[in-house]
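With the sequence up front, the predicted model follows.
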Amino acid sequence: MSNGTKVPQNPSLPKLNLTNQQREHIRKAVLTEHNDVQFQLAATKSAKDFTPAVGATLPKGVKAQSLPTPVLTQLPELRDYMYVKMKDQVLIVDGMTNKIVDMFSETQPPS
């Protein structure tokens, strides 16, 4: 029997408000990681037409990575977030919901 304690059905992390400086730190850290989503793979082929957008859920087959240790050392609040490099964008993803919470260019510093 439940004692009336309601567990939220869709837990999600607090809203993320990255500064451009933080985005740049992440961008530089992940730039050297060779894990861009490749659409040749069977698992990710269906994601080829996916247009990344904040609030969207990652398509099936696209696996988010943990952020690199140097990022987490400087920004420990990001430990529950993951990232995906896709279509020249860095997508910051809520690790619990696979929803995109932030995105920025992989190649251009944020202006």
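Cool, got the structure. From a predicted model like this one, the values you see are computed outputs, not experimental measurements. Residues are numbered from 1 along each chain as shown.

Thought residue 29 was touching residue 71, still the case?
Yes. Counting by Cβ atoms under 8 Å, residue 71 touches residue 29, with 4.8 Å between them. Quick note: C-beta positions are derived from backbone N, CA and C, even for glycine.

the bottom helix or strand of this protein by mean pLDDT?
Of all helical and strand segments in the chain, the minimum by mean pLDDT, DSSP states H and E falls on helix 42-45, at a mean of 74.

May I have stretch 58-67 exported as CSV, CA atoms only?
The C-alpha trace of stretch 58-67 is given here as CSV (Å, rounded to 0.1, in the frame of the first residue of the first chain):
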residue,chain,number,x,y,z
LEU,A,58,17.2,12.0,-28.7
PRO,A,59,16.2,9.6,-31.3
LYS,A,60,16.6,5.8,-30.7
GLY,A,61,20.0,4.6,-31.4
VAL,A,62,21.7,7.9,-30.5
LYS,A,63,23.7,7.4,-27.3
ALA,A,64,24.7,10.3,-25.2
GLN,A,65,28.2,10.3,-23.7
SER,A,66,29.3,11.5,-20.2
LEU,A,67,30.9,14.9,-20.3
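
and residue 86, backbone torsions?
Dihedral pair for residue 86: phi -150, psi 130, per degrees, to the nearest 10.

In space, what's closest to it - neighbours in sequence excluded?
The spatially closest residue to residue 86, leaving aside those adjacent along the chain, is residue 37, at 4.3 Å (Cβ to Cβ, 6 or more residues apart in numbering).

Just confirm that neighbour contacts residue 44, I think it does.
Yes. Using Cβ under 8 Å, residue 37 is in contact with residue 44, at 5.6 Å.

Comparing those two, which residue is more hemmed in?
Shown here are residue 37 and residue 44; by other Cβ atoms under 10 Å, residue 37 has more neighbours (22 against 18).
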